[in-house]
Structure formats: structure tokens, C-alpha cells
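**Q** Sequence below, structure please.
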Amino acid sequence: MTRSTRFRRLIALASLLIAPAAHAQLELVWADEFDGQLDTDTWEHQIGRGEAYGLPTGWGNNEHQYYTDQFFNSFTNNSELHIVAQNIPFGGASYSSARIRTLGSFEVRYGRIEARIKLPKGQGLWPAFWMLPTNSPYGGWASSGEMDIMESVNQMNRIHGTLHFGSPWPSNTSAGGTLQDGRDFSQDFHVYSMDWNPDSISWSVDGEVYRTIGSGAWFSSAATGNPRAPFDTPFHILLNVAVGGNFPGDPNGTASFPQEMVVDWVRVYREQQAAYAGAEHAVPGRIEAEDFDAGYPDEAYQDCDAGNNGGAYRPDSDVDIEASNEGGFNIGWMCEGEWLEYSVDVASPGTYTLRARVASQTTGGSISFDSDGADISGVMSFSATGGWQSWTTIETEVALAAGSQVIRMNNAGGAGDGFNFNWFELEALATGCGDADLAEPFGALDFSDVVAFLVAFGEMDGAADLAAPFGSLDFSDVIAFLSAFGAGCP
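**A** Here you go, the predicted model:
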């Protein structure tokens, strides 16, 4: 089975296999099954003893190996990656091994990152499956973080999952956990996983979680106002086997060489943005503000602070939701730069009246709406209403295409503006042109409507379903379109 075939099969199966509680479904987004030769477009070998990467000799840990890209230190065989530590002097070091990374080819922010690995064993051996920040936006190690998904040393009877963070070395700190349950992890393959969410990180072995920590346990001295830093930016993946160093200590002659870490596969799953509760909002219709899409922050929504400060409806979300005096709930205290996205299904193309229900105690505010990234509303401004629950409705007209799309509501105001958002609705405007008005400019019938009908009919699109029996397209729909087109607009 080729890598691409297996990858497609994994994608098809992933949604059936992975569905953690309290989150949208996880889907496989990247994998390497190590079929065929190691993909050097994906994995870069790091070479040497660390100096070429700005580190002291020994990779900053007093390690004794020289990392190479030679076949005797890393190769694939039978759909497995082998990283081999050799007791062979190389490049001035006493040992040789391999260290590979996905920098420049794959990075991820949030999700489940896991690998199926069989560990080496012996005094001085230090295999690792871990992640580093791609751009180090908060400064040098460890201000920008490090995430160790799996580390073990020497007798391989303990598995460590660790975060490194805080200030630049030597003022860095760490947090994490250790699994020691009597197993020798060098005797068989095990699945090592890290579930990385905006406000928590968990480590597991073979599906059993052994440690979870929340964002209150980590920080970056370069971003003291950001409770998620430094673990809110993209990281890339590394695999390596070190020999000696500060963590395992030096080899003492008891370990037999060569020793290898064997990796069956590496896979990454992510929560995919989707309509809240699994159904797109129907347009025309009213959409409650609190029913924004499920997904990660900065992807499905953006809120200026972590957590749901209203504590209502979706208490584990990052968006502030409170009870509304008009019934149901509203989004509270929107501040500069916030936005919310809604997956919708527009029944018919055309011009719609867009209404939004807002309240602002003292400042007023401004909002705008996009569809699939394109502005549809312009800026809609409103004055202060005298209370956070004193509602007013603002409106404009927007043009929408038919079908599935993502509508984003943006806070278009400045830093001093604050308001609440209750709902928005889209009501189709009567054009007087009937069912034949399928294309812009709406409100007039022309050749573009003929083309739109023919395309929809050819693609079996419901937009061309103009006559009974509904649910199928046939000659009666053609007659209905021609009749409506011939009637023109009043």
C-alpha cells in the first residue's frame, strides 16, 4: 500500500475513530506512514553537534553524539522509520545518531499529535518525540516554548511529557508529568500522544491520559498579558535519539550498540471548524449570536480574552456569553478585533435585508459582515443605547450567492467601543423578477440568468428545480424557467 493510499484511508476512517468529548470531531490532517524512502521534502536532517544551529557543542545538553543524514543512522524499512544510535566516532563525537524535523514543511497549532514508537534501551540513551516553535515569536528558548510529547532515558521504564516555557535560559521553567507503571517501553510499540488545546495540554500512552495541565500553569515572560503564550503559535515536529547528556547521564559501557528507536507512524488530528450543533444555519432566517461555529480560537472566532466571562450556554468556550433579557443568550462585551463565524446555507441567490440586534451602554459601536472572506455589508455603526441590555436593531442590504458559505460578523469599531450582540437575520428582498432571477444583477433578467439556470440544471443543482415534481430536474423545470423569464419583471 502506498503512502498516499494509506493516507486517504486514514482520512476516511479518522472521523469514525476520533471524537473526544466536549470538542468538535477531530479529523486526520497530516500523517507519515514511512512507506518507501524517508521523505526528505517533509523531514530535514539536522547535522552536527549543535553549533550550526546556534547551540553549544552537545546541543546545549552535553550530549555525546554527532547527528548525521547517513543510512547507518536513519532509514526506512517495512513501513517503519529507524533512528539508530551507533557507537562509532563521527565528526569529533564518540557516537553518531539522527535527528529529523518538519521545520519548513509541516507545522501545527492545536490538535492531537501522536506516534507509534518502540524505544531503544540502555544507559545513556535518550529518545524523544517533541515539538519546537516554528518562528519563536516570544524570544529565545524557552520563552517561545518547547513541547515534549515523549521522552525516556536509560532503562525506558518511565515516560515523560513536559512543557518548557517562562523566560529565556537560564531563567526557564517546566511542567508536565511522568508515567511509570512497571512496563519496559523498549519491549513493544506504544502510541504516545499529546492533546494540545488552547487552555489545556494532556499526555497519554496507548490512549490512557496520565497528565493534564491547564494554561494557568504556563507563561511566557515576553507575553505576560497573554495567558496562552507561548503555546498559542505553530510548532513543528522532531524525532531523535541522543546519547548521553544532562538528562540520562553518560553511557557506562553496559548498553549494547547499535540501539534504535523504531517509528511506525506519526499522525496529527485537528478539530475542524463546523456549524455549531452540526447543522448549517438556514438563510433566510434568524441566527442567534451564541450559535457561532465550533472550532479553535482565531479560526472559528476571535475573542480578546480567554474563557467565557459570561459563563452561560457554552461555558467551555472562549467567547463571553450571557443570558439576554429578550430570552436566550447574547454575546457580551465585544471589544476591538473580535469576530464570530457562522456556517450558513443560503437557499437562493439575491438581495437580502440584514438586521443585527445590538446594545451598547455608553460608547456605541460598529460592525461589518463578510461572506467567505469578502465584505458584504460595509461598516454598520450605531450609537449608545444606554444599557448592555437596551437593544436596538440596525440594518442594511446585502447580496448573497446561493449555497453553503461562512458569514463572519466583525467588530469594526475601535479600542474604546464596547457592545453586546444578540442576533442577526437575513430576509430575502422581493425583486419582482420571480424564479428566473438567478444571477447578478438581481432585480433584472438578462443572459446571465439563462446561463445560471443552464449551469444549475446541468449540475443537478436545486436552484434549477422550479416546477413539480420537486426534488428532481426535468423538462417541466425548463418550461417553468422560460415562462418566468418571458414574464419579465413587473
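
**Q** got a list of what the nearest residue to residue 349 once chain neighbours are set aside touches?
**A** The spatially closest residue to residue 349, leaving aside those adjacent along the chain, is residue 402, at 4.5 Å (C-beta to C-beta, 6 or more residues apart in numbering). Every C-beta, even on glycine, is put in place using the N, C-alpha and C of the backbone. By C-beta atoms under 8 Å, 6 or more residues apart in numbering, the contact list for residue 402 reads 346, 347, 348, 349, 463.

**Q** which of these has the most neighbours?
**A** residue 346 (23 neighbours; other C-beta atoms under 10 Å).

**Q** how close does the residue nearest to residue 349 get to residue 465?
**A** Residue 402 sits 12 Å away from residue 465, going by C-beta to C-beta, to the nearest Å.

**Q** what do you get for residue 320?
**A** On the measure of C-beta to C-beta, residue 320 and residue 465 end up 42 Å apart.

**Q** for residue 392, same thing?
**A** From residue 392 to residue 465 the distance is 39 Å (C-beta to C-beta).

**Q** Then residue 417?
**A** 45 Å.

**Q** Also residue 257?
**A** 71 Å.

**Q** Looking at the two, which is more packed in?
**A** Comparing residue 257 with residue 465 by other C-beta under 10 Å, the one with more neighbours is residue 465, at 20 against 17.

**Q** my guess is that one contacts residue 471, does it?
**A** Yes. Residue 465 lies in contact with residue 471 (C-beta atoms under 8 Å); the separation is 7.1 Å.

**Q** part of a helix, is residue 312?
**A** No. Going by DSSP: H, G, I helix; E, B strand; the rest coil, the assignment for residue 312 is coil, not a helix.

**Q** what's the neighbour count on it?
**A** 17.

**Q** Quick check: pLDDT value at it.
**A** pLDDT recorded at residue 312 is 94.

**Q** What are the boundaries of the helices in the chain?
**A** 3-17, 447-458, 475-487 (DSSP state H).

**Q** Lowest mean pLDDT across the ones you listed, which one is that?
**A** helix 3-17 (a mean of 38).

**Q** How much space separates the closest residue to residue 162 other than its chain neighbours from residue 110?
**A** Distances taken as C-beta to C-beta, 6+ apart place residue 176 nearest to residue 162, at 3.5 Å, with adjacent residues excluded. According to C-beta to C-beta, residue 176 and residue 110 sit 18 Å apart.

**Q** likewise residue 70?
**A** 35 Å.

**Q** do residue 272 as well
**A** 11 Å.

**Q** In terms of neighbours, single out the busier of these two.
**A** residue 110 (21 against 17).

**Q** from memory that one sits against residue 199, does it?
**A** No. Residue 110 lies out of contact with residue 199 (C-beta under 8 Å); the separation is 10.4 Å.

**Q** Could you report the distance from the closest residue to residue 96 other than its chain neighbours to residue 243?
**A** Closest residue to residue 96 apart from its sequence neighbours, by C-beta to C-beta, 6+ apart: residue 90 at 3.9 Å. With distances taken as C-beta to C-beta, residue 90 is found 11 Å from residue 243.

**Q** These two - which one has more neighbours?
**A** residue 243 (27 against 19).

**Q** residue contacts, the more buried one?
**A** Going by C-beta under 8 Å, 6+ apart, the list of residues near residue 243 reads 63, 64, 65, 85, 94, 95, 97, 124, 125, 126, 251.

**Q** just the buried members of these?
**A** Using 16 or more other C-beta atoms under 10 Å as the burial test, these include 63, 64, 65, 85, 95, 97, 124, 125, 126, 251 as buried.

**Q** From those, which land in strands?
**A** 65, 85, 95, 97, 125, 126 (DSSP state E).

**Q** Turn those into TSV, including pLDDT and distance to residue 235.
**A** Supplementary listing: those in TSV, determined by pLDDT from 0 to 100; distance: C-beta to C-beta, whole Å:
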residue	pLDDT	distance to residue 235
65	98	24
85	98	25
95	97	28
97	98	22
125	98	25
126	98	20
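
**Q** which one of the residues you listed is nearest residue 338?
**A** Relative to residue 338, the closest of those is residue 126; by C-beta to C-beta it sits at 44.5 Å.

**Q** related to what we said a few turns ago, which members of the contacts of residue 243 are the farthest-apart pair?
**A** Pairwise across the contacts of residue 243, and taking C-beta to C-beta, the largest span is found between 94 and 126, at 14.5 Å.

**Q** do you know how far the nearest residue to residue 259 once chain neighbours are set aside is from residue 153?
**A** Leaving aside its sequence neighbours, residue 259 sits nearest to residue 120 (C-beta to C-beta, 6+ apart; 3.7 Å). Using C-beta to C-beta, we find residue 120 at a distance of 10 Å from residue 153.

**Q** same deal with residue 482?
**A** For residue 482, the distance to residue 153 - C-beta to C-beta - is 78 Å.

**Q** Going by how many neighbours each has, rank those two and give me the top one.
**A** Using other C-beta under 10 Å as the criterion, residue 482 and residue 153 rank with residue 153 on top: 22 against 14.

**Q** I figured that one hits residue 128, correct?
**A** No. At 9.5 Å, residue 153 does not count as touching residue 128 under the criterion of C-beta under 8 Å.

**Q** For the two, list the residues in contact with both.
**A** By C-beta under 8 Å, 6+ apart, no residue touches both residue 153 and residue 128.

**Q** and residue 140, what pLDDT?
**A** For residue 140, the predicted pLDDT is 94.

**Q** Contacts only, for it.
**A** Counting by C-beta under 8 Å, 6+ apart, residue 140 has contacts 168, 169.

**Q** what about 7 Å?
**A** Contacts for residue 140 (C-beta atoms under 7 Å, 6 or more residues apart in numbering) come out as residue 168.

**Q** swap in residue 369?
**A** 354, 376, 377, 398, 407, 408, 409.

**Q** The third one and residue 399 touch, don't they?
**A** No. With contact defined as C-beta atoms under 7 Å, residue 377 does not reach residue 399; the gap is 10.1 Å.

**Q** which of the two has more neighbours?
**A** residue 377 (21 against 14).

**Q** tell me the average confidence for stretch 182-196?
**A** pLDDT averaged over stretch 182-196 gives 97.

**Q** And that stretch, how far out from the chain middle?
**A** For stretch 182-196, the distance from its own C-alpha centre to the chain's C-alpha centre is 25 Å (C-alpha atoms, centre = their mean, to the nearest Å).

**Q** tell me which residues in it are buried?
**A** 183, 185, 186, 189, 190, 191, 192, 193, 194, 195, 196.

**Q** Give me the contact list for stretch 160-174.
**A** 139-143, 145-152, 175-178, 194, 201, 203, 211, 218-221, 230.

**Q** swap the cut-off to 6 Å and go again
**A** 139-143, 145-148, 151, 175-178, 203, 211, 218, 221, 230 (C-beta atoms under 6 Å, 6 or more residues apart in numbering).
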